[in-house]
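Colleague: Got a sequence here, can you model it:
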Amino acid sequence: MLMTSFAWAGALGAACLLVASAGDAAAQPAPLALDTETTIAGVDVACTGIGQTRLDPRWDAYPVRVEFSNARSEYLSDGEIALADAKGTPILDVRCEGPWILLKLKPGAYRVEGRIANAKPRTARFKPPAKGQMRLVLQFPDL
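Modeller: Numbers count the residues shown, from 1 in each chain. As a prediction, this is how the structure comes out:
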């Protein structure tokens, strides 16, 4: 049975959509440069927490500091977070070489899932403070 050119074009378009969708599902978290501020999906974000640069006063301007640690409260590096709003709508997915990911978020409720290689993911729900900075420690006891 021969396909008409319209049927062929439709089949080709559907195949392209499937390939594009599969590629999106396997998308990796955006890597953040260490000690650099950037904006992703309208959210100011930074990756830091190693050495003297963790004392940089510009980090105090971020209302949320997500930290990665093990059961002994020692910092862990090379983690990633997936951030979503209260309804579960994804906002961003980033990877950080350091132990801190800093976020400037609009007021509201959020859910964060932290991931570190060889450990079970950790989740937390939170609301950014109106003033100051909150520490949101994601502890990975299996490391």
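
Colleague: so Arg58 sits in a helix?
Modeller: Yes: note on Arg58: a helix contains this position according to DSSP: H, G, I helix; E, B strand; the rest coil.

Colleague: Okay, and the beta partners of the residue lying closest to it once chain neighbours are set aside?
Modeller: Of all residues beyond its chain neighbours, the one nearest Arg58 is Glu37 (7.3 Å), with distances taken as CB to CB, 6 or more residues apart in numbering. Glycine gets a C-beta too; all of them are placed from N, C-alpha and C. Legend: beta-bridge partners of Glu37 under DSSP bridges are Ala46.

Colleague: Count the residues that sit near Arg58.
Modeller: 12 (other CB atoms under 10 Å).

Colleague: what does the one 4 residues further on give?
Modeller: For Tyr62, the number of neighbouring residues by other CB under 10 Å comes to 22.

Colleague: now do Gly79
Modeller: Applying the criterion other CB under 10 Å, we find 28 residues in the vicinity of Gly79.

Colleague: Quick check, it in contact with Glu97.
Modeller: No: Gly79 lies out of contact with Glu97 (CB atoms under 8 Å); the separation is 9.0 Å.

Colleague: Tell me where this structure has strands.
Modeller: Assigned by DSSP state E, the strands in the chain fall at 30-32, 36-40, 43-48, 64-70, 79-85, 90-96, 100-104, 110-115, 122-126, 134-140.

Colleague: Please identify the most buried of those strands.
Modeller: Between the strands of the chain, the one whose residues have the most neighbours on average, counting mean count of other CB atoms under 10 Å, is strand 100-104 (a mean of 23).

Colleague: That one pairs with which strands, parallel or anti?
Modeller: Sheet pairing here is set by DSSP bridges, and for strand 100-104 it gives strand 43-48 (antiparallel), strand 64-70 (antiparallel).
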